[in-house]
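A.B. asks: requesting a structural model of the entry that follows:
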Amino acid sequence: MADFQYEIVEQLGILSESPKGWTKEFNKISWNGGVPKYDIRDWAPEHEKMGKGVTLTDEEAKKLAELLGNVL
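C.D. replies: You can find the predicted model right below:
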């Protein structure tokens, strides 16, 4: 598996926390030095490990907010 780099540019919020201390977070992350994108994924307590997640462009995040506004 190829190495990759990431930088959490902005921590926007914690959605939930597991009994083992992992948190599902909504952040803005730069992957491999690219333009920061919105990201939802599970993180170990000190961000030393991560689970699989979903990364969204600005346009996709706006559309998701619109869709959530229609169902909530």
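
A.B. asks: quick one: residues contacting the residue nearest to Ser18 when sequence neighbours are not counted.
C.D. replies: Closest residue to Ser18 apart from its sequence neighbours, by C-beta to C-beta, 6 or more residues apart in numbering: Asp42 at 7.7 Å. Using the backbone N, CA and C atoms, a C-beta is placed for each residue, glycine as well. Neighbouring residues of Asp42 by C-beta atoms under 8 Å, 6 or more residues apart in numbering: 18, 22-25, 50-53.

A.B. asks: show me the contacts for Ser16.
C.D. replies: Contacts of Ser16 by C-beta under 8 Å, 6+ apart are 23-24.

A.B. asks: same thing with Ala61?
C.D. replies: Tyr38.

A.B. asks: assign it to helix, strand or coil.
C.D. replies: helix (DSSP: H, G, I helix; E, B strand; the rest coil).

A.B. asks: now which of the contacts of Asp42 would you call buried?
C.D. replies: Using 16 or more other C-beta atoms under 10 Å as the burial test, these include 22-25, 53 as buried.

A.B. asks: circling back to that earlier point, measure the residue nearest to Ser18 to Leu72 for me?
C.D. replies: Distance from Asp42 to Leu72, counting by C-beta to C-beta, to the nearest Å: 22 Å.

A.B. asks: quick one: the strands in the chain, in order.
C.D. replies: 6-17, 23-31, 37-43, 50-56 (DSSP state E).

A.B. asks: what about the second one, average pLDDT?
C.D. replies: Pointing back at strand 23-31 there. Mean pLDDT, strand 23-31: 98.

A.B. asks: ditto for the last one
C.D. replies: Per-residue pLDDT over strand 50-56 has a mean of 97.

A.B. asks: paired strands for it, with orientation please.
C.D. replies: In the sheet containing strand 50-56, its partner strands are strand 37-43 (antiparallel), by DSSP bridges.

A.B. asks: cool, and the first one?
C.D. replies: Sheet pairing here is set by DSSP bridges, and for strand 6-17 it gives strand 23-31 (antiparallel).

A.B. asks: what's the partner strand in contact with?
C.D. replies: Strand 23-31 is contacted from outside by 4-17, 36-43, 45, 55, using C-beta under 8 Å, 6+ apart.
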